[in-house]
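> This is the structure alone, sequence omitted:
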Ligand code: SF4
């Protein structure tokens with residue numbers, strides 16, 4: 001099978017993936033004593049608890065945590081690893097908020113503030129339109145752009161580029177539009193969906209703990225508002241992603257409670273398709289008290305996400321944030337999805353990311369194959385899949401050399 005389709009809910013998972021777990025986990029005696037009770041739960045398809053998560057964070061053998069997470073990943077997706085062809089167009093950096101960790105936002109009067117009107121946005125997108133099937137658009141909370149503006153933008157975009165799905169607007173942007181337009185979250189989302197919005201990215205979840213949020217992103221949507229907006233989107237059949245920003249000031253318990261809240265919401269709605277855990281990048285932004293995350297902690301957090309989030313199909317290694325090398329390794333630590341060809345991106349790069357943006361599909365496929373996985377190109381909402389076979393590169397014609 002080189003191409004297949006799936007429902008939005010399954011998002012490409014093997015339907016009976018839990019039945020694969022006992023053989024993949026194998027003999028419990030092959031696991032160290034510390035982790036055996038958790039390996040047993042995983043083999044039996046049982047949900048892990050907060051204290052299981054803490055035990056995994058404390059387990060001295062990181063590669064064993066990775067091995068266990070990889071059992072779950074393989075049960076769901078065999079050796080497949082997914083990517084798509086997308087471009088990020090960040091429509092404005094003007095924002096009425098000033099989250100402490102954010103290096104992207106500008107005040108309206110800043111010399112490098114920008115706001116792409118509908119035509120400028122379409123012109124930007126037109127440069128990539130032949131190579132992508134998704135545009136990912138998030139930006140600042142513009143003081144003058146209400147839901148009418150985004151309706152016009154999405155309608156125009158779908159009209160001009162019908163093959164490009166729109167994944168746009170984080171929960172706080174939805175909240176901002178609903179406040180500016182004086183309508184409910186539900187009406188905001190419904191109007192945007194009718195105008196062409198296909199799905200929501202998961203950004204802005206940060207850590208779903210209002211104490212942490214008061215320090216790192218004061219004024220953003222509350223934890224319960226984030227969950228309510230995503231619940232409402234799911235109820236309107238708008239699939240969404242969810243994220244976690246870690247390495248700021250949160251505790252391990254807060255990370256795990258964040259995951260638990262997301263998986264419980266998805267028990268009800270089945271609308272989260274992908275979880276994207278990414279570490280705080282310190283450069284140029286303002287959070288000196290951040291603890292930061294090392295490479296091994298990033299891999300461990302990705303692995304634990306896979307093990308804790310049994311109701312969310314995909315775990316993404318967000319290469320725009322963690323870099324290609326770590327993203328490749330993450331595919332052996334529970335991740336199955338890697339951000340797309342991403343022709344253009346601003347937010348992570350202003351925050352210090354050095355990941356190249358010029359990845360084409362062949363390079364991305366190589367990164368996936370080098371990690372021991374099979375590259376599969378997916379559509380934006382994880383319903384259509386096709387194994388990516390790189391085109392055969394013809395050997396160069398040898399130039400005749402003069403006898404020297
Ligand atoms: S993270 Fe988003 S809401 Fe916060 S300041 Fe940056 S652009 Fe504005």
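That came through, no problem. Treat the numbers as computed from the prediction; the structure is a model and nothing was measured.

> is stretch 264-278 anywhere near the ligand?
No - Stretch 264-278 does not reach the ligand (Cβ under 6 Å from any ligand atom); its nearest approach is 13.0 Å. For glycine as for every other residue, the C-beta is placed from the backbone atoms N, C-alpha and C.

> So for that stretch, what gets flagged as buried?
Within stretch 264-278, the residues that count as buried by 16 or more other Cβ atoms under 10 Å are 265-266, 269-278.

> what's the span of it, first residue to last?
The straight-line separation of the ends of stretch 264-278 (Cα to Cα, to the nearest Å) is 21 Å.

> ok, now stretch 111-128?
27 Å.

> With pLDDT as new columns, can the buried residues of stretch 264-278 be given to me in CSV?
Formatted as CSV, the buried residues of stretch 264-278 follow (pLDDT from 0 to 100):
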residue, pLDDT
265, 98
266, 98
269, 98
270, 97
271, 97
272, 97
273, 96
274, 97
275, 98
276, 97
277, 97
278, 95
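
> mind listing which of those are in helices?
Judged by DSSP state H, helices contain the following of these: 265-266, 269.

> Residue 199 contacts residue 380, doesn't it?
Yes - counting by Cβ atoms under 8 Å, residue 199 touches residue 380, with 6.3 Å between them.

> shared neighbours, the two?
With contacts taken as Cβ atoms under 8 Å, 6 or more residues apart in numbering, the residues that reach both residue 199 and residue 380 are 165, 167.

> Let me know the closest of the ones in helices among the buried residues of stretch 264-278 to the ligand.
Nearest to the ligand among these: residue 265, at 21.5 Å, using Cβ to the nearest ligand atom.

> gap between residue 236 and the ligand?
Distance of residue 236 to the ligand, computed by Cβ to the nearest ligand atom, to the nearest Å: 23 Å.

> which residues does that residue contact?
Contact analysis of residue 236 by Cβ under 8 Å, 6+ apart lists 186, 189-190, 193.

> Include distance to the ligand, pLDDT and secondary structure when you put those residues into a markdown table, please.
As requested, those are exported to a markdown table (distance: Cβ to the nearest ligand atom, whole Å; pLDDT from 0 to 100; DSSP: H, G, I helix; E, B strand; the rest coil):
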| residue | distance to the ligand | pLDDT | secondary structure |
| --- | --- | --- | --- |
| 186 | 22 | 98 | helix |
| 189 | 18 | 98 | helix |
| 190 | 23 | 98 | helix |
| 193 | 22 | 98 | helix |
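
> Among these, give me the pair with the biggest separation.
Farthest-apart pair in the contacts of residue 236 is 186 and 193; separation 10.5 Å (Cβ to Cβ).

> Within the helices and strands, which one has the residue of the stretch 101-250 of the chain at minimum distance from the ligand?
Nearest to the ligand, among the residues of the stretch 101-250 of the chain, is residue 102, at 3.2 Å (Cβ to the nearest ligand atom). Here residue 102 sits in a region with no helix or strand, counting by DSSP states H and E.

> Just to confirm, what confidence does the model report for it?
The model reports residue 102 with a pLDDT of 89.

> So it versus residue 174, what's the distance?
Going from residue 102 to residue 174 by Cβ to Cβ, to the nearest Å gives 18 Å.

> And these two? Which one has more around it.
residue 174 (27 against 21; other Cβ atoms under 10 Å).

> Confirm for me that the more buried one is in contact with residue 229.
Yes - contact criterion Cβ under 8 Å: residue 174 and residue 229 qualify, at 5.2 Å.

> Overlap in contacts, these two.
185, 189.

> mind listing the strands for the stretch 201-350 of the chain?
Per DSSP state E, counting those that start in this stretch, the stretch 201-350 of the chain carries strands over the ranges 240-246, 272-279, 314-317, 337-338.

> can you tell which of the ones you listed is closest to residue 9?
Nearest of these to residue 9, taken as Cβ to Cβ: strand 272-279 at 8.7 Å.

> So what touches that closest one?
The contact list for strand 272-279, computed with Cβ under 8 Å, 6+ apart, reads 8, 11, 199, 202, 230, 234, 239-247, 259, 262, 265-266, 292-293, 297-298, 301-302, 305, 309, 311-316, 318, 321-322, 337, 381-382.

> Could I have the PyMOL command that selects the buried members from the residues you listed?
Selection of buried members from the contacts of strand 272-279 for PyMOL, criterion 16+ other Cβ under 10 Å:
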select buried, resi 8+11+199+202+230+234+239+240+241+242+243+244+245+246+247+259+262+265+266+293+297+298+301+302+305+309+311+312+313+314+315+316+318+321+322+337+381+382
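
> Return the residues in contact with residue 230.
Contacts for residue 230 (Cβ under 8 Å, 6+ apart) come out as 171, 200, 202, 240, 242, 265, 269, 271-272.

> Apply 7 Å and report the result again.
Going by Cβ atoms under 7 Å, 6 or more residues apart in numbering, residue 230 touches 171, 240, 242, 265, 271.

> Please list the residues of this protein that sit near the ligand.
Within reach of the ligand by Cβ under 6 Å from any ligand atom, the chain has these residues: 95, 97-99, 102, 104-105, 140-141, 172, 217, 220.

> Mind putting the residues you listed into JSON lines with secondary structure and distance to residue 18?
JSON lines is the format used below for those (DSSP: H, G, I helix; E, B strand; the rest coil; distance: Cβ to Cβ, whole Å):
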{"residue": "95", "secondary structure": "coil", "distance to residue 18": "43"}
{"residue": "97", "secondary structure": "coil", "distance to residue 18": "42"}
{"residue": "98", "secondary structure": "coil", "distance to residue 18": "45"}
{"residue": "99", "secondary structure": "coil", "distance to residue 18": "39"}
{"residue": "102", "secondary structure": "coil", "distance to residue 18": "39"}
{"residue": "104", "secondary structure": "coil", "distance to residue 18": "40"}
{"residue": "105", "secondary structure": "coil", "distance to residue 18": "43"}
{"residue": "140", "secondary structure": "coil", "distance to residue 18": "42"}
{"residue": "141", "secondary structure": "coil", "distance to residue 18": "41"}
{"residue": "172", "secondary structure": "helix", "distance to residue 18": "35"}
{"residue": "217", "secondary structure": "coil", "distance to residue 18": "36"}
{"residue": "220", "secondary structure": "coil", "distance to residue 18": "36"}
